[in-house]
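Trainee: how would this look folded up:
(one chain, ligands or ions: 1)
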Amino acid sequence: MSAERDGIHAPGDMDPEAFRQEGHRIVDWLADYFKAPERFPVLAQVAPGDLVAALPASAPESPESFDAIFRDFESLVVPGITHWNHPGFFAYFAISGSGPGVLAEMLAAGLNVQAMLWRTSPAATELEQVALGWLRQLMHLPPSFEGVIYDTASIAVLHALAAAREAVVPDVRSKGLAGRTDLPRFRVYLSAHTHSSADKSVILLGLGQDAITHVPGDAYHAMRVDKLAEAIAADRKAGIVPLAVIATIGTTSSTAVDPVDAIADLCEAEGIWLHVDAAYAGVMAMMPEWREIFRGAERADTLVVNPHKWLFTPFDCSVLYCRRMDVLRQAFSLVAEYLKTTDASTVRNLMDTGIQLGRRFRALKLWMVLRYFGAEGIRARLEHHVALARHLAQWIDETDGWERMAPVPFSVVCFRCHPRGEDDEAALERRNQAIMNAVNRSGEAFLSHTKLDGHFVLRMAIGNLRTEQRHVRRAWTLLQEAAATV
Ligand SMILES: Cc1ncc(COP(=O)(O)O)c(C=O)c1O
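Mentor: Numbering: from 1, shown residues only. Predicted coordinates for the structure are as follows:
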């Protein structure tokens, strides 16, 4: 008996014609937004709780028109948005999505595929292989690296360290770590400036934060290899087993560069898993003049690079390259009966390379971005950002009462206002905090801070596709104006 004759009708989705109409409206809205994101303040100028107070406490019982929903989006949600697309966004790492990336996201959302198995969308699995093969070549990494896309570098480092743990404790899957008297203590070596996600991974993997050694850095906040070697030797002597070293190319605070080549020599000699965190700066491996900085990265066991940071791919997209994918698979592959397929030995099932079963079709946006801009176009944009950062550094260097606090190897400038004769650190911190708050209140520029060697430091990160010299110049003027009034 047919459903119609039985009187059973699916309530169904939005009508396709209504979808077309609303879709056009949204594309128009986004096109206007991308044309002039400056019409919004870059940092949301709202108070905590504003949006919660403006929205009903429970979901509507009856359907609402898309028109009404969209009106609330514009009038209530948008004011609470901090605009990462704004050319004056200089905080954290100034990421930007891009037109092709956003369009690809729309297609991925529409297709809504879930690439856990090759068969649950062969193209999603294979496009990931293709796009990551292209990116690997552009970054001059050898074919021995197999790539996998995760959401973030935090999850990538968790997988990298889980693989390192698997390599050192092959029976960890069955026996775990707790209560074992047959295992030594383990150690993971970071620099003082390694991203905090590494610490979180160590906690999550059951190693305990006490397993971390923060290796001292040099004057430029790069890990000292002699100190790393000393720490490893002392641990070995005490019966502690080195599990992994994390070297960073482009630290979060100041974009410092750890000496990866020398660290790779040491890790090779000691048989220690080397993870290279190039989440922000990894894309610069595409640039001939920066290649030297990446020397040794090809010997890492794992390396992470985030296309969502500086490769114009909308959030989220993080790539982990691994030279020992067999070990990573050994750590994560677990095939339940309902996921078994007869083609398992001939295809790549992405669920085997991570904790997640379901995974989004992120490769589509990376593939479209790489094609749309081309390697040439990407290099030109990276060069532009580096040039802007160098100009800013020069203005700071030439201005009395300001000082630069770190070298500028990429596109982040660390600096502070330091009037002659004012050397009280607490007063300098208050002064610079006040300057930063004043600039951020302007709605024209947004920057963040860090601490380097105990000094409160302002940070301007340049990496937005829409940022031009006039935006950097304006931020510099705002900083100087604020400094004159605090
Ligand atoms: C060097 C570095 N590694 C890792 C991360 C974590 O990135 P994600 O937000 O993708 O987890 C960051 C974030 O800024 C970072 O700067």
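Trainee: and Val412, what does it touch?
Mentor: Contact analysis of Val412 by CB atoms under 8 Å, 6 or more residues apart in numbering lists 93, 254-255, 389, 459-462. Bear in mind the C-beta positions are built from the backbone N, C-alpha and C, glycine included.
Trainee: ok, and of the residues you listed, which contact the ligand?
Mentor: Filtering the contacts of Val412 for proximity to the ligand by CB under 6 Å from any ligand atom leaves Phe93.
Trainee: out of the contacts of Val412, which is nearest to the ligand?
Mentor: Phe93 (5.4 Å; CB to the nearest ligand atom).
Trainee: wasn't that closest one part of a strand?
Mentor: No. Counting by DSSP: H, G, I helix; E, B strand; the rest coil, Phe93 is not part of a strand but coil.
Trainee: residues in contact with it?
Mentor: The contact partners of Phe93, taken as CB under 8 Å, 6+ apart, are 252, 280, 309-310, 412, 461, 463.
Trainee: follow-up on the earlier one: show me the contacts of Val412 that map onto helices.
Mentor: Members of the contacts of Val412 lying in helices (criterion: DSSP state H): Ala389.
Trainee: quick check, nearest of the contacts of Val412 to Ala483?
Mentor: Met460 (14.4 Å; CB to CB).
Trainee: how much space between the closest residue to Asp400 other than its chain neighbours and the ligand?
Mentor: The shortest distance from Asp400 to any residue other than its chain neighbours is 7.3 Å, reached at Arg420 (CB to CB, 6 or more residues apart in numbering). To the ligand, Arg420 is 33 Å away according to CB to the nearest ligand atom, to the nearest Å.
Trainee: and Arg420, what pLDDT?
Mentor: Listed pLDDT for Arg420 reads 93.
Trainee: and if you look at Leu177?
Mentor: 95.
Trainee: mind telling me what element it is part of?
Mentor: For Leu177, there is no enclosing helix or strand under DSSP states H and E.
Trainee: which of the three states applies to the nearest residue to it once chain neighbours are set aside?
Mentor: Excluding the flanking residues, the one nearest Leu177 by CB to CB, 6+ apart is Gly206, at 4.7 Å. When classified by three-state DSSP, Gly206 comes out as coil.
Trainee: Gly206: what's it in contact with?
Mentor: For Gly206, the contacting residues are 176-178, by CB under 8 Å, 6+ apart.
Trainee: and Thr213, which of the three is it?
Mentor: Relying on three-state DSSP, one would call Thr213 strand.
Trainee: scratch that, Thr248 is what I was asking about
Mentor: Strictly by three-state DSSP, Thr248 counts as strand.
Trainee: touching, it and Ala192? I think so.
Mentor: No. Contact criterion CB atoms under 8 Å: Thr248 and Ala192 do not qualify, at 10.7 Å.
Trainee: same drill for those two, tell me which one is more crowded.
Mentor: More neighbours surround Thr248 than the other of Thr248 and Ala192, with 28 against 14 (other CB atoms under 10 Å).
Trainee: what bridges to that one?
Mentor: Asp277 (DSSP bridges).
Trainee: tell me which residues touch it, please.
Mentor: 191, 193-195, 223, 256-258, 276-278.
Trainee: same thing but 10 Å
Mentor: Under the criterion of CB atoms under 10 Å, 6 or more residues apart in numbering, the neighbours of Thr248 are 190-191, 193-195, 198, 221-223, 255-258, 260, 275-281, 304.
Trainee: so which of the residues you listed belong to strands?
Mentor: 190-191, 275-277, 304 (DSSP state E).
Trainee: quick check on Phe415: phi, psi?
Mentor: phi -160, psi 170 (degrees, to the nearest 10).
Trainee: and it, what does it touch?
Mentor: Phe415 neighbours (CB under 10 Å, 6+ apart): 392-393, 395-397, 399, 402-406, 408, 432, 457-460, 479.
Trainee: report the contact partners of Arg379.
Mentor: 138, 283-284, 286-288, 373.
Trainee: one more pass at 7 Å, please.
Mentor: Contacts of Arg379 were listed using CB atoms under 7 Å, 6 or more residues apart in numbering, and they are 286-287.
Trainee: which helix or which strand is home to it?
Mentor: Going by DSSP H and E, Arg379 is in helix 363-398.
Trainee: close to the ligand: what parts of the chain are there?
Mentor: So the chain meets the ligand at 93, 152-154, 195, 197, 248, 250-252, 277, 279-280, 306, 318 (CB under 6 Å from any ligand atom).
Trainee: neighbour-wise, which of those residues leads?
Mentor: If you count neighbours using other CB under 10 Å, the busiest of the residues of the chain next to the ligand is Asp277, which has 31 neighbours.
Trainee: for it, what are its contacts?
Mentor: Per CB under 7 Å, 6+ apart, neighbours of Asp277: 153, 157, 194-195, 246, 248, 304.
Trainee: for these, give me a markdown table that also has pLDDT and distance to Ala234.
Mentor: Below are the contacts of Asp277 laid out as a markdown table (pLDDT from 0 to 100; distance: CB to CB, whole Å):
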| residue | pLDDT | distance to Ala234 |
| --- | --- | --- |
| Ala153 | 97 | 30 |
| Val157 | 98 | 25 |
| Thr194 | 96 | 19 |
| His195 | 96 | 25 |
| Ile246 | 98 | 19 |
| Thr248 | 98 | 23 |
| Val304 | 98 | 28 |
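Trainee: about what we covered before: among the contacts of Val412, which pair sits farthest apart?
Mentor: Ser254 and Ile462 (14.3 Å).
Trainee: so Ser318 is in contact with Ser154, correct?
Mentor: No. At 8.2 Å, Ser318 does not count as touching Ser154 under the criterion of CB atoms under 7 Å.
Trainee: residues near Asp423, how many?
Mentor: Neighbours around Asp423, by other CB under 10 Å: 9.
Trainee: for it, give me its contacts.
Mentor: With CB under 7 Å, 6+ apart, Asp423 has no contacts at all.
Trainee: now the strands: where do they sit in the chain?
Mentor: 146-150, 186-191, 212-215, 241-248, 273-277, 302-305, 318-322, 402-404, 412-417, 448-452, 455-461.
Trainee: got the angle for the longest one vs strand 186-191?
Mentor: Using axes from the mean of the first three to the mean of the last three CA atoms, to 10 degrees, the interaxial angle of strand 241-248 with respect to strand 186-191 works out to 20 degrees.
Trainee: buried ones in strand 241-248?
Mentor: Buried residues in strand 241-248, defined by neighbour count with 16 or more other CB atoms under 10 Å: 242-248.
Trainee: cool, the shortest one as well?
Mentor: By 16+ other CB under 10 Å, the buried positions in strand 402-404 come out as 402, 404.
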